[in-house]
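Asker: the amino acid sequence is not available; the structure is as follows:
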């Protein structure tokens, strides 16, 4: 009987590769548990802060998209006004040239009347263009501020994800504030003003050339 019992005993050798897999699985599990995101999920305060910042990031993205759409709309409106300005002046000069052919003496005496009407209409269009440009610059500044705030918020979210539970919650208010660059940019104000109002300056110069050109067409 003892020989039969000894015959049924089978020794199963331990596979070294299987043991290594178990050890690696245990090690990876411990690493997952020590990951900052796991620490955040286990901390109610850090998890709530992460969710709030992610929601705020979505709001910033939506706000930035709206500002960009508004800038494109203003560009289109400025283009339409400028097109109307040049079409109007082209029509006006053509009308003056046609009238000067039929009755040159009469039209030459009152050349300033159509010229004054043309200049007044052109100035009104230029004022509308400038209003649109001012609106564009205002929205552009708001867009830059929103992008700056969004970048600061993204940095805070990345820092929270990297540090995990050791992230200091007391720095919450300071981190979301807009980060200002320490470098001081020196800008020449006249050059900056000219670059911002280049469209209006070109339209005013064109209007100034149309006024004497109308007298030349009627009395030339």
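Answerer: Yes, it's here. Please read all numbers here as calculations on a predicted model, not as lab measurements.

Asker: tell me the phi and psi of the closest residue to residue 92 other than its chain neighbours?
Answerer: Nearest non-adjacent residue to residue 92, counting by Cβ to Cβ, 6 or more residues apart in numbering: residue 118, 4.9 Å away. The way it works is simple: take the backbone N, C-alpha and C, and place the C-beta from them, glycine included. With angles defined as degrees, to the nearest 10, residue 118 sits at phi -70, psi -40.

Asker: how close does residue 118 get to residue 89?
Answerer: Here residue 118 is placed at a distance of 7 Å from residue 89 (Cβ to Cβ, to the nearest Å).

Asker: do residue 96 as well
Answerer: 10 Å.

Asker: quick one: low-confidence residue ranges for this structure.
Answerer: 1-37, 41, 102-107, 168-188, 220 (pLDDT under 70).

Asker: and the longest helix for it?
Answerer: helix 44-102 (DSSP state H).

Asker: who are the packing partners of that one?
Answerer: Applying 3 or more Cβ pairs under 8 Å, 6 or more residues apart in numbering; DSSP states H and E, one finds that helix 44-102 contacts helix 36-42, helix 104-109, helix 112-163, helix 172-176, helix 198-219.

Asker: give the burial count for residue 155, as a bare number.
Answerer: 13 (other Cβ atoms under 10 Å).

Asker: so what's residue 199 up against?
Answerer: For residue 199, the contacting residues are 78, 82, 129, 133, by Cβ atoms under 8 Å, 6 or more residues apart in numbering.

Asker: show me what contacts residue 39?
Answerer: Contacts of residue 39 (Cβ under 8 Å, 6+ apart): 46, 164, 165.

Asker: distance check, the residue nearest to residue 108 when sequence neighbours are not counted against residue 91.
Answerer: Nearest non-adjacent residue to residue 108, counting by Cβ to Cβ, 6+ apart: residue 219, 4.1 Å away. From residue 219 across to residue 91, the span is 20 Å (Cβ to Cβ).
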